[in-house]
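>>> Below are the sequence and a predicted model; questions follow.
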Amino acid sequence: MLENNPLLLPFDSPFEVAPFSSIRLEHYKPAIEKLIESSLLEIDKIAASVDAPTYDNTIVALDRSGKQLSQVAEVFFNLNSAETSEEMQALASDLSPILTDFSNAIMQNAILFDRVKTVYTATDQSLLDAEDSMLLEKTYKGFIRSGANLSDEDKKKYAEISKELAQLQLKFGENVLAETNAYEMIIEDEKDLAGLPEGTKEGAAATAEAKGHKGKWMFTLQAPSFVPFMEYADNRALREKMFRAYMSKAFKGDKFDNQENVKKIVALRQEKVALLGYESYSDYVLEERMAESADKVEAFLNDLLTKATPKAKAEVEAVKAFAKGQGFEGELERWDWSYYSQKLKNEKFQINDEMLRPYFKLDNAVKGIFDVANKLYGLTFKHNPEIPVYHPDVKAYEVLNEKGEHVSVFFEDYFPREGKRGGAWMTSYKSQYKDGIDHRPIVSIVCNFTPATGDKPSLLTYNEVETLFHEFGHALHGMLADSKYSSLSGTSVYWDFVELPSQILENWLQEKECLDLFAKHYETGEPIPEDYIQKIKDSSNFNEGYQTMRQLSFGLMDMAWHSLKADEIQVDDVRAFEQKAMAQTELFGAIEGACMSTQFSHIFQGGYAAGYYSYKWAEVLDADAFSVFKEKGIFNKEVATSFKENILSRGGSEHPMELYKRFRGQEPTVDALLERSGLK
Ligand SMILES: [Zn+2]
């Protein structure tokens with residue numbers, strides 16, 4: 001499988017896009033194994049060089065190594081998300097450890113690390129430009145943070161803890177999934193469905209039938225079932241039942257209980273970074289974040305808390321009063337919140353998805369984002385059918401700048417299908433970098449939008465258009481990249497900075513000047529009515545105080561767990577611990593048997609540990625940055641050029657605060673976010 005393996009031959013399609021149609025599943029493993037072999041030879045050559053270690057022969061050489069391997073791995077893992085099969089998934093779990101071993105082999109290469117360390121110690125960083133200095137810092141720290149500087153004994157310990165942590169995190173996720181999947185509520189009497197939208201009822205009937213309960217309705221703890229039930233079901237007792245089930249996931253003292261896992265994960269994370277000399281896990285994480293320290297994050301969250309509390313309390317009172325007006329008696333509980341909020345929102349704003357859809361035909365919305373990119377950054381998008389694609393639904397564009405020069409390849413892939421995972425994301429098939437020539441990137445966005453049906457084209461909800469703008473914002477970050485090194489290029493930035501380019505673009509969607517470009521009725525061509533735009537704006541703040549409190553409660557709880565130091569790490573009671581951390585954000589009384597920590601996969605399984613605050617952090621940035629556009633004009637060329645030159649094109653080449661200040665002239669303040677969310 002090595003001969004004529006298209007993954008091992010130079011990609012000779014336009015712009016060196018992978019020749020998707022000639023790649024077969026059996027090509028990947030031999031190609032990746034072969035490329036790992038040659039990449040390790042490259043690494044050995046760097047490590048074993050007889051020349052004295054220099055910035056170029058060590059640090060730059062490392063950044064340049066393994067390019068073909070990463071390109072092939074990107075093709076594989078991108079397709080495993082967007083166009084996969086059972087065979088491909090099996091191959092993915094086969095390939096993942098091979099690739100982990102490969103990166104471990106680099107990080108644990110002591111001779112290589114010696115060279116990196118020598119360059120790091122001997123280089124006068126003031127003589128390097130900002131980007132070179134960043135690459136040196138990032139490379140050296142990457143080794144250190146992976147334990148390269150530890151004694152052999154500690155290295156062993158570090159590896160053992162890492163392995164145990166990986167297993168515990170996996171187990172944590174499996175328990176949450178098992179608990180989510182295990183719950184089903186079967187409804188036999190149609191009366192109990194009162195209040196629910198037709199689509200939800202149909203879904204529940206289909207679920208019931210699939211599970212062998214034909215003629216009944218089944219509700220689960222999956223979002224598409226749980227959320228509408230809480231919002232619309234008139235039957236209060238059933239709402240309570242569902243809510244309690246949802247909040248007690250992995251907290252029942254049975255084999256799926258995660259309390260011990262939470263304690264162990266938190267303790268092992270602390271122990272692991274203590275080996276590297278950090279007091280707490282959050283110290284370790286935040287060192288490579290824009291926020292810089294746990295103190296700063298906590299101050300940030302508490303400041304927002306003070307500001308959001310009065311509004312959140314007023315919102316709760318308003319919903320209570322509304323419920324009372326609807327004949328509700330007694331104490332409003334958490335399982336009543338969505339139900340009465342939804343009704344109040346309808347009454348207040350009288351706007352809904354079905355009214356807006358006709359103005360958001362997908363083709364028009366895509367034309368809209370291209371127009372926005374043109375007005376801001378002078379980009380044009382030329383459909384090029386010669387560029388290979390991996391599925392007939394996918395469309396490839398050549399992206400050109402004002403001078404007509406090639407900027408990027410851009411793929412769009414919009415509709416759900418079997419083999420595509422849920423949600424929406426931006427990804428890349430090739431990062432931008434320069435080694436004498438400017439290698440331009442290949443960028444893609446993948447979404448799951450409402451498809452066309454019968455004679456109706458694809459008509460999007462407002463949320464879907466927002467998602468399109470969001471992902472396209474990430475895509476611009478990738479497309480406009482102008483770095484020397486691929487490891488600092490495009491979206492390779494600190495975790496709490498990466499959502500700025502995406503979230504900021506969502507702001508354009510509330511502006512008439514932008515909506516007028518594309519939001520036209522798909523049949524009559526009539527522009528979206530002005531009062532609709534106003535209603536979109538007005539309703540976007542509805543219960544924002546409450547939402548903010550929720551996000552803050554998660555952020556504070558995350559920080560509490562991950563800021564524990566060695567002498568505080570023994571936590572006895574998981575629920576008591578989280579209640580203390582979240583106490584100031586509580587707007588309702590505590591619910592017996594409910595626990596958030598045991599089901600909080602974001603921080604105990606995924607990568608958001610000491611990072612949940614990033615969502616709010618990025619909102620501060622995007623609101624603050626957009627306020628400049630708002631002041632000077634949303635298509636102001638000067639502001640756009642500054643945003644491009646200081647932020648979008650710079651990737652991770654400098655500390656994000658430096659980049660941000662260069663655009664903004666000062667550090668961000670929370671004012672614009674407070675204003676936008678009505679918290680002022
Ligand atoms: Zn995003």
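Okay, I see it. Please read all numbers here as calculations on a predicted model, not as lab measurements.

>>> List the contacts of Ser293.
Listed by Cβ atoms under 8 Å, 6 or more residues apart in numbering, the contact set of Ser293 reads 283, 286. To be clear about C-beta, it is placed using only N, CA and C from the backbone, and glycine gets the same treatment.

>>> For it, give its distance to Ser563.
Between Ser293 and Ser563 the computed distance is 10 Å (Cβ to Cβ, to the nearest Å).

>>> got the buried residues for stretch 498-514?
For stretch 498-514, a neighbour-count test (16 or more other Cβ atoms under 10 Å) marks 498-511, 514 as buried.

>>> ditto for stretch 561-578
Here stretch 561-578 shows 561-564, 569, 571, 574-575, 577-578 as buried, counting by 16+ other Cβ under 10 Å.

>>> same question, stretch 135-144
135-136, 138-140, 142-144.

>>> Equivalent analysis for stretch 627-643, please.
In stretch 627-643, counting by 16+ other Cβ under 10 Å, buried: 627-630, 634-636, 639-640, 642-643.

>>> Switch those over to TSV; also include secondary structure and pLDDT.
Output for the buried residues of stretch 627-643, formatted as TSV (DSSP: H, G, I helix; E, B strand; the rest coil; pLDDT from 0 to 100):
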residue	secondary structure	pLDDT
Ser627	helix	97
Val628	helix	98
Phe629	helix	98
Lys630	helix	96
Ile634	coil	98
Phe635	coil	98
Asn636	coil	98
Val639	helix	98
Ala640	helix	98
Ser642	helix	98
Phe643	helix	98
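
>>> Phi first, then psi, for His655.
phi -60, psi 130 (degrees, to the nearest 10).

>>> typed the wrong thing, it's Lys520
phi -120, psi 140.

>>> Number of residues surrounding it?
By other Cβ atoms under 10 Å, the residues close to Lys520 number 19.

>>> that older thread, for the buried residues of stretch 135-144, give me TSV that also has pLDDT.
Formatted as TSV, those follow (pLDDT from 0 to 100):
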residue	pLDDT
Leu135	98
Leu136	98
Lys138	96
Thr139	97
Tyr140	97
Gly142	95
Phe143	95
Ile144	94
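
>>> Pass me the low-pLDDT residue ranges in the stretch 501-650 of the chain, would you?
In the predicted model, the stretch 501-650 of the chain carries no residue with pLDDT under 70.

>>> next SSE after the helix or strand where Ala208 lies?
Ala208 belongs to helix 198-210 when assigned by DSSP states H and E. Toward the C-terminus, helix 198-210 is succeeded by strand 217-219 as the next helix or strand (DSSP H and E).

>>> Give me the average confidence score over that following strand.
Averaged over strand 217-219, pLDDT sits at 96.

>>> Which secondary structure elements does it sit against?
strand 185-187, helix 198-210, helix 223-232 (3 or more Cβ pairs under 8 Å, 6 or more residues apart in numbering; DSSP states H and E).

>>> Pull the distance from the first one to the chain's centre.
Mean-position distance between strand 185-187 and its chain equals 34 Å (Cα atoms, centre = their mean, to the nearest Å).

>>> Buried residues in it, which are they?
185, 187.

>>> Can you give me the distance of the residue nearest to Ile634 when sequence neighbours are not counted to Gln503?
Setting aside the residues directly before and after it, Ile634 is nearest to Glu511 in space (Cβ to Cβ, 6 or more residues apart in numbering), at 5.3 Å. Distance from Glu511 to Gln503, counting by Cβ to Cβ: 15 Å.

>>> do Glu333 as well
33 Å.

>>> next one: Phe256
For Phe256, the distance to Gln503 (Cβ to Cβ) stands at 35 Å.

>>> Next: Asn80.
27 Å.

>>> and if you look at Phe626?
Counting by Cβ to Cβ, the gap from Phe626 to Gln503 is 9 Å.

>>> need the contact list for Tyr613.
Counted by Cβ under 8 Å, 6+ apart, Tyr613 has contacts 291, 297, 300-301, 496, 555, 558-559.

>>> Name the nearest of those relative to Gly593.
Of all the contacts of Tyr613, the one sitting nearest Gly593 is Asp558; the distance, using Cβ to Cβ, is 22.0 Å.

>>> so what's Thr585 closest to, chain neighbours aside?
Ser553 (3.7 Å).

>>> what helix or strand is that neighbour on?
Assigned by DSSP H and E, Ser553 falls in helix 544-562.

>>> Give the helix, strand or coil label for Asn175.
Assigned by DSSP: H, G, I helix; E, B strand; the rest coil, the conformation of Asn175 is helix.

>>> What about the closest residue to it other than its chain neighbours, how many residues nearby?
Ranked by Cβ to Cβ, 6+ apart and with sequence neighbours excluded, the top spatial neighbour of Asn175 is Phe256, at 4.4 Å. Burial of Phe256 is recorded as 18 neighbouring residues (other Cβ under 10 Å).

>>> ok, Pro668 to Phe626 distance?
From Pro668 to Phe626 the distance is 11 Å (Cβ to Cβ).

>>> The two: which is more packed in?
Phe626 (25 against 21).

>>> List the contacts of the more buried one.
By Cβ under 8 Å, 6+ apart, the contact list for Phe626 reads 504, 507, 672.

>>> residue contacts, the first one?
Think Ile504. The neighbourhood of Ile504, defined by Cβ under 8 Å, 6+ apart, consists of 473, 621-622, 625-626.

>>> Give me the ChimeraX select line for these, limited to the buried ones.
Those of these that count as buried under 16+ other Cβ under 10 Å are selected in ChimeraX with:
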select :473,621,622,625,626
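
>>> In a markdown table, list the contacts of Ile504 along with secondary structure and distance to Met230.
Formatted as a markdown table, the contacts of Ile504 follow (DSSP: H, G, I helix; E, B strand; the rest coil; distance: Cβ to Cβ, whole Å):
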| residue | secondary structure | distance to Met230 |
| --- | --- | --- |
| Gly473 | helix | 31 |
| Leu621 | helix | 32 |
| Asp622 | helix | 29 |
| Ala625 | helix | 35 |
| Phe626 | helix | 32 |
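
>>> Would you reformat the contacts of Ile504 as TSV and include distance to Val465?
What follows is the contacts of Ile504, written out as TSV (distance: Cβ to Cβ, whole Å):
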residue	distance to Val465
Gly473	13
Leu621	22
Asp622	17
Ala625	21
Phe626	17
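
>>> Just flag the most distant two among the contacts of Ile504.
Gly473 and Leu621, at 12.3 Å, using Cβ to Cβ across the contacts of Ile504.

>>> Mind listing the shared neighbours of those two?
What both Gly473 and Leu621 touch, as defined by Cβ under 8 Å, 6+ apart, is the set 503-504.

>>> And the helices in the stretch 301-450 of the chain?
For the stretch 301-450 of the chain, the helices defined by DSSP state H, counting those that start in this stretch cover 334-349, 353-356, 362-377.

>>> weakest of those in terms of mean pLDDT?
Looking at those, the weakest mean confidence is helix 353-356, a mean of 84.
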